[in-house]
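Colleague: sequence and predicted model, in that order:
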Amino acid sequence: MIDLNWKSFLLISAGFFLKYFFDIIKNIESIEKISAKFWNIIKWAGTYPKRKTIEKELQGTINSYIKDIRKKVFFEEILPYGIKIEWQKKRDKRVYLKRGEVIIRLGYDFDHRKNFIEALIIYIEESLLPTIKHYFSPEFFMALKFVTTAEIACRASRDIYLYFLKNYYRPLFEGQPQVKKWIRKLFDIKKGGLFFPILLPSLSMVGRETLSLLIKPDFDLFQKEITGFINFLKNIATKRERFDEPPLIYLKNYIKIGVVLVSRDYPNFTFKYMPHIKRVKRNFEDGVKFCFITGLGFKNIKGVKLIEKELKKYYRKIDNTSYFIIEKYRHQKLIRIKGICVCFTRESK
Amino acid sequence: MKLERRALKAVYDSEIIPLLEKLKLKEAFEQKKIKCIFCGDIITLENFGGLYREKTKKFNIKIFCNKPACYLKALKENCE
């Protein structure tokens, strides 16, 4: 009897160990974070461990945030690459520096916030929406990069976020009121939980569609549409809880997006989310190419899932389901609300 | 899900001098003749921020200091 208990105990522990081991193996970023701690312990041994500490810490942290953000968006094209620190070493005979390539200084004895922010900024500069960034106005794209960088910095720590705002915000936007205006709008959209689940995927999808046309898009018209689209999302994000419902369909030359907000059910119908389904169908009939269905809170998440199940019979769902969290102050208390967003295209299955 | 990683070139504190040596800038650096391309401060080991190869010219290395403003200007010039 005792033997059997020991055996089962060993089997269960081995199972747990294996699961934990495979979880770590699957997630290379967590290995990097652990190895950064290891190198940090032996930092007294010279510059090599110090350099490794910086390298592993930056790679592990930034890449894990990128992976996390990629889970929130439908397309991996939004942040398609990870980051890898490539050191210029003494033993390298030559310096391979392409035109327009920057070598930055990273140091162990520096403020670690500076290392993190500078590596992050340079990463976002090169990796955010790389295929379609040339279609945006420089001011708008700058604001887009800023909000994405701020989001990652904020996830890293409040300290890093404040350091970023204090030291990089001012020099970046000094004398650029237009960029500041964009940032304010984008932050409003982010607060409403529409930045990662709707805005970035829409831009990516619209960009992809425009590129596939093989005709050079009308740059001015495209800019105008983007401005209109940002205002459209901002209205939804800020007016969400009021009675006057903002327009939920944006139908222009390049951008054809519809949004369906799931915030209530209709008990009079046999399927209580039927009006939402009808709305999605009507959107597609009107010419919308991508329709986002989003909801906040436990009850509405359940609703969106039911709608998704029903809509899958008629339309094609875009890749993943996007889960996000928004923070709101209610009665002077910060509360976190979980949200969901799914996207369908009008192409039938 | 594996991420394809893009290299970010960096130099560690103790490797700045060998790097400048390879670029034949060590002498000028030691004589304090190198200035930040943006703010004009003399570059030393303490305030070295980074360097880049100019886009337009064939081989021209520009060095900038460690102020956030200069770092951002260097990126703006090169990554757009």
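Modeller: Sure thing, it's come through.

Colleague: show me where pLDDT drops low in the stretch 151-300 of chain A?
Modeller: By pLDDT under 70, the low-scoring segments of the stretch 151-300 of chain A are A:211-215, A:240-244, A:265, A:267-270.

Colleague: tell me where it has helices.
Modeller: Under the criterion DSSP state H, counting those that start in this stretch, the stretch 151-300 of chain A contains helices at A:158-164, A:170-173, A:177-191, A:200-212, A:219-239, A:274-286, A:298-311.

Colleague: now render those helices as TSV, adding mean neighbour count and distance to residue A:35.
Modeller: Quick note: C-beta positions are derived from backbone N, CA and C, even for glycine. Below are these laid out as TSV (neighbours: other CB atoms under 10 Å in any protein chain shown; distance: least, CB to CB, whole Å):
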stretch	mean neighbour count	distance to residue A:35
helix A:158-164	17	21
helix A:170-173	17	33
helix A:177-191	17	33
helix A:200-212	19	31
helix A:219-239	17	40
helix A:274-286	17	47
helix A:298-311	17	37
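
Colleague: need those helices in TSV (columns: distance to residue A:149).
Modeller: Formatted as TSV, these follow (distance: least, CB to CB, whole Å):
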stretch	distance to residue A:149
helix A:158-164	7
helix A:170-173	10
helix A:177-191	11
helix A:200-212	13
helix A:219-239	18
helix A:274-286	33
helix A:298-311	29
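
Colleague: nearest to residue A:340, out of those?
Modeller: helix A:298-311 (4.6 Å; CB to CB).

Colleague: for chain B, find the nearest of the helices of the stretch 151-300 of chain A.
Modeller: helix A:170-173 (3.6 Å; CB to the nearest CB).

Colleague: flag every residue of chain B that's near chain A.
Modeller: B:1-16, B:18-19, B:22-23, B:48-55, B:61, B:66-69, B:71-72, B:74-75, B:78-80 (CB under 8 Å from any CB of the partner chain).

Colleague: what strand or helix carries the residue of the stretch 1-150 of chain A found nearest chain B?
Modeller: Across the stretch 1-150 of chain A, the shortest distance to chain B (CB to the nearest CB) belongs to residue A:82, at 3.3 Å. For residue A:82, the element it lies in under DSSP states H and E is strand A:81-87.

Colleague: that strand packs against which elements?
Modeller: Counting contacts by 3 or more CB pairs under 8 Å, 6 or more residues apart in numbering or on different chains; DSSP states H and E, strand A:81-87 packs against helix A:47-72, helix A:112-127, strand B:4-12.

Colleague: and the helix or strand hosting residue A:105, how far from the chain's centre?
Modeller: Assigned by DSSP H and E, residue A:105 falls within strand A:102-106. With CA atoms, centre = their mean, to the nearest Å as the basis, strand A:102-106 stands 26 Å off its chain's centre.

Colleague: and if you look at stretch A:340-349?
Modeller: Its chain's C-alpha centre and that of stretch A:340-349 lie 19 Å apart, by CA atoms, centre = their mean.

Colleague: I'd like to know which elements the strand of greatest length in chain A is packed against.
Modeller: In chain A, with assignment by DSSP state E, the single longest strand is strand A:333-348. Applying 3+ CB pairs under 8 Å, 6+ apart, we find strand A:333-348 packed against strand A:290-296, helix A:298-311, strand A:315-317, strand A:322-330.

Colleague: what's the burial count for residue A:54?
Modeller: 24 (other CB atoms under 10 Å in any protein chain shown).

Colleague: doesn't residue A:85 make contact with it?
Modeller: Yes. Using CB atoms under 8 Å, residue A:54 is in contact with residue A:85, at 7.4 Å.

Colleague: which residues do those two both contact?
Modeller: residue A:106 (CB atoms under 8 Å, 6 or more residues apart in numbering or on different chains).

Colleague: residue A:217 contacts residue A:207, doesn't it?
Modeller: No. Assessed by CB under 8 Å, residue A:217 is found out of contact with residue A:207, at 9.5 Å.

Colleague: now do the shared contacts for those two.
Modeller: Counting by CB under 8 Å, 6+ apart, the residues touching both residue A:217 and residue A:207 are residue A:135.

Colleague: how many residues are close by the nearest residue to the residue of the stretch 1-150 of chain A closest to chain B once chain neighbours are set aside?
Modeller: Distance criterion CB to CB, 6 or more residues apart in numbering or on different chains; nearest residue to residue A:82, sequence neighbours excluded, is residue B:3 at 3.3 Å. Using other CB under 10 Å, residue B:3 has 19 neighbouring residues.

Colleague: wait, which of the helices and strands packed on strand A:333-348 is closest to residue A:125?
Modeller: Nearest to residue A:125 among these is strand A:322-330; the distance by CB to CB comes to 24.4 Å.

Colleague: buried stuff in the closest one?
Modeller: A:322, A:324, A:326 (16 or more other CB atoms under 10 Å in any protein chain shown).

Colleague: pull the CA atoms of that strand into CSV?
Modeller: The C-alpha coordinates for strand A:322-330 follow below in CSV (Å, rounded to 0.1, in the frame of the first residue of the first chain):
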residue,chain,number,x,y,z
SER,A,322,-8.6,39.1,-29.0
TYR,A,323,-8.9,39.5,-25.2
PHE,A,324,-8.0,42.8,-23.6
ILE,A,325,-8.3,44.6,-20.3
ILE,A,326,-9.3,48.2,-19.8
GLU,A,327,-9.0,50.2,-16.7
LYS,A,328,-11.7,52.6,-15.5
TYR,A,329,-12.3,54.8,-12.5
ARG,A,330,-15.7,54.1,-10.9
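
Colleague: got the contact list for that strand?
Modeller: A:71-74, A:191-193, A:196-197, A:201, A:296, A:334-343.

Colleague: which ones are touching residue A:154?
Modeller: Contacts of residue A:154 by CB under 8 Å, 6+ apart are residue A:161.

Colleague: got the residues of the stretch 151-300 of chain A near chain B?
Modeller: A:167-168, A:171-172.

Colleague: quick revisit: of the helices and strands packed on strand A:81-87, which is nearest residue A:163?
Modeller: helix A:112-127 (4.3 Å).

Colleague: which other helices and strands contact that closest one?
Modeller: helix A:47-72, strand A:81-87, strand A:102-106, helix A:138-156, helix A:158-164, strand B:4-12, helix B:68-79.

Colleague: pLDDT on it, on average?
Modeller: On average, the pLDDT along helix A:112-127 is 88.
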